[in-house]
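[1] below: sequence and its predicted model.
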Amino acid sequence: MRGVVTISPRVIHLPGIDEAALAGVARALAPRVRDGAVIHLAGPLGAGKTTFARALLRELGVGARIKSPTYTLIESYPVGDLTAHHLDLYRIAAADEVEWLGLRDLAAGKQLWLIEWPERALAAIPSADLIVELAHAATTRNLKLTALTPAASKWLDGIDVLPE
């Protein structure tokens, strides 16, 4: 059964989606962020943040094993002339702890930032173009995409991956 889907130029809500639909949204978004983006991934443990990031990175052409950055905090992948950085800040207690990751040194050239648990270090990470919020919903999950920049608003245009 489909939930009610609300779409506006800046926000998309997809309630009650399964893992395959979540990956489909990530794959649909991937070609739109090839020129660089900052995507904050928010939600509780096990909601699908890493699943979303992996699907997006795989669609961009990352052929290497896409490791969860839970323990390393950051994993980086070359994708053509773009470098994708996947961060997991769950273990960060304060924004100043992010300083030793050397994010400023990584910021040259076209970058894609996928940042899980961004609320743990908002003052030390790039500002989001797009926020991907996930929440548990019984055996499925609810997804909310919020565009914070004009570019991100355009990325959401035509995203047509609805739960079946």
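    Perfect, thanks for sending it. Residues are numbered from 1 along each chain as shown.
[2] where in this protein is pLDDT low?
    1-9, 71, 100-108, 160-164 (pLDDT under 70).
[3] where do the helices sit along the protein?
    For the chain, applying DSSP state H gives helices covering 19-29, 49-60, 103-106, 150-156.
[4] convert the C-alpha atoms of the longest one to PDB, please.
    If I follow you right, that is helix 49-60. Taking Å, rounded to 0.1, in the frame of the first residue of the first chain, the C-alpha atoms of helix 49-60 are listed here in PDB:
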ATOM      1  CA  LYS A  49      22.000   6.400   5.900                       C
ATOM      2  CA  THR A  50      24.900   4.100   4.900                       C
ATOM      3  CA  THR A  51      22.600   2.200   2.500                       C
ATOM      4  CA  PHE A  52      21.700   5.500   0.800                       C
ATOM      5  CA  ALA A  53      25.400   6.600   0.600                       C
ATOM      6  CA  ARG A  54      26.500   3.200  -0.800                       C
ATOM      7  CA  ALA A  55      23.800   3.200  -3.500                       C
ATOM      8  CA  LEU A  56      24.700   6.800  -4.600                       C
ATOM      9  CA  LEU A  57      28.400   6.000  -4.700                       C
ATOM     10  CA  ARG A  58      27.900   2.800  -6.600                       C
ATOM     11  CA  GLU A  59      25.700   4.600  -9.200                       C
ATOM     12  CA  LEU A  60      28.500   7.200  -9.600                       C
END
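[5] TSV for the helices of the chain, including mean neighbour count?
    C-beta here means a position set from N, CA and C on the backbone, and glycine is covered the same way. Formatted as TSV, the helices of the chain follow (neighbours: other C-beta atoms under 10 Å):
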stretch	mean neighbour count
helix 19-29	19
helix 49-60	22
helix 103-106	12
helix 150-156	17
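[6] let me know which of the ones you listed is the nearest to residue 35.
    helix 150-156 (8.3 Å; C-beta to C-beta).
[7] packing partners of the closest one?
    strand 37-42, strand 130-137, strand 140-147 (3 or more C-beta pairs under 8 Å, 6 or more residues apart in numbering; DSSP states H and E).
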